[in-house]
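S.K.: Need coordinates for the following:
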Amino acid sequence: MLKFLLTILLSVSMAFSAAAAVFATNTPDKDAFVRALAPTLNYGGGGALSVSGTNCSSPLSGATNGAFDTFISFNTAAMVAGFNSTFGPNNWVVTSATLVLTQNPNPGNPVFNIGTGAFAIRWIANDTWTEGTGTPMAPTTNGVTYDQEPFYLDAGTDKNLGPFNFNETSPVNCPLALPAEFVGSIQAGGEAGFFLTAIDPGIGFVFYSRSYAGNPVVLPHLIVSATARPGITAVSLTGTNLVLSATNGVAGGTYFVLTSTNPSTPVSQWTPLATNVLDVGGNFTITVPNAANPNLPLPHFFLLQTF
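M.R.: Numbers count the residues shown, from 1 in each chain. Alright, predicted model coming up:
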């Protein structure tokens, strides 16, 4: 008798159905910008943040003020509670995450550079940095500084969430990549922290921080959507066909069944066996033709992937 070991991994695209829920958190719990030309000083208490390259200058003074980076972090506890309430505890998957930043077009301080160009957003594993209370007019030393970046950044653990472009159109919507580590930080209900740095030397993007006392709509916010987690409810054989019964299907979603004899093989190298596009949500069944063929190598590992 053939025995099958079924491994189910879910890969969900950023498109979501009407059954999805969207949660927006409008205020980071900490944020700060840091400056290369003031590497020991903190700027965590001002009303603006900045990402700047080295070749950008201030329109007020004409001075080139050097590179600026930004640290920003959101607590996801309320977000997780909301998704758990909607879908059931841990019965959901993140389908998209977007960081929204609103330009401060007139920061009114000659310390800020202004210019257009590309910048990068990274998820950072180390969230222990401190916001501090420094402002552009009165920087302090009681929070994160430029010369502390090597302590908080780690190329081995941090994940690139994508390049984005500032062209003076605001707000800037940044749809983030969804590496497992970043998604895990959201699902854990703790901190989801980001590091923003210049790609183009001419960029000078100044945007409102959580300390801005004006319109709360312009504060940085993280928008996350989730949908009910698809899951296998039963596995059966019909002749040599493998039948997978599942639940929480997404209308219009494309489902693939992949196979491999080694579960550690990269997903891109698994062999597709079956596919189906659902026209309704809820329960669904996928039949994998000839999956129980005795001539196939054993063991079989099957992966259910959704897009």
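
S.K.: What is the helix or strand containing Phe83 packed up against?
M.R.: For Phe83, the host element (DSSP states H and E) is helix 77-87. The contact analysis (3 or more Cβ pairs under 8 Å, 6 or more residues apart in numbering; DSSP states H and E) places helix 77-87 against strand 21-25, strand 92-101, helix 180-187, strand 221-228. Every C-beta, even on glycine, is put in place using the N, C-alpha and C of the backbone.

S.K.: Run me through the strand neighbours of the last one, direction for each.
M.R.: Read it as strand 221-228. Here strand 221-228 is paired, per DSSP bridges, with strand 21-25 (antiparallel), strand 92-101 (antiparallel).

S.K.: Out of these, which gets the lowest mean score?
M.R.: Among those, strand 21-25 has the lowest mean pLDDT, at a mean of 86.

S.K.: In that one, which residues are buried?
M.R.: Neighbour-count burial for strand 21-25, counted by 16 or more other Cβ atoms under 10 Å, picks out Ala21, Phe23, Thr25.

S.K.: What lies in contact with that strand?
M.R.: With contacts defined as Cβ atoms under 8 Å, 6 or more residues apart in numbering, strand 21-25 is touched by 74-76, 78-79, 82-83, 86-87, 92, 221-227.

S.K.: what's the answer for stretch 79-88, then?
M.R.: By Cβ under 8 Å, 6+ apart, stretch 79-88 touches 21, 23, 25, 90-92, 186-189, 224, 226-229.

S.K.: Compare those residues and tell me which has the most neighbours.
M.R.: Counting neighbours by other Cβ atoms under 10 Å, Ala226 comes out on top of those with 28 neighbours.

S.K.: partner residues bridging the closest residue to Leu303 other than its chain neighbours?
M.R.: Spatial nearest neighbour of Leu303, chain neighbours left out: Leu258 (4.4 Å); criterion: Cβ to Cβ, 6 or more residues apart in numbering. Taking DSSP bridges as the rule, Leu258 bridges to Pro272, Leu303.

S.K.: how about Leu258, what does it touch?
M.R.: Val267, Trp270, Thr271, Pro272, Leu273, Phe302, Leu303, Gln305.

S.K.: Are any of those residues buried, and if so which?
M.R.: Counted by 16+ other Cβ under 10 Å, the contacts of Leu258 give Trp270, Leu273, Phe302, Leu303, Gln305 as buried.

S.K.: so which two of the residues you listed are the farthest from each other?
M.R.: Farthest-apart pair in the buried ones among the contacts of Leu258 is Leu273 and Gln305; separation 11.1 Å (Cβ to Cβ).

S.K.: overlap in contacts of these two?
M.R.: Val257, Leu258.

S.K.: related to what we said a few turns ago, between the buried residues of strand 21-25, which is nearest Ser50?
M.R.: For the buried residues of strand 21-25, the nearest to Ser50 is Thr25 (21.7 Å; Cβ to Cβ).

S.K.: any idea how far the closest one lies from Phe68?
M.R.: 24 Å (Cβ to Cβ, to the nearest Å).
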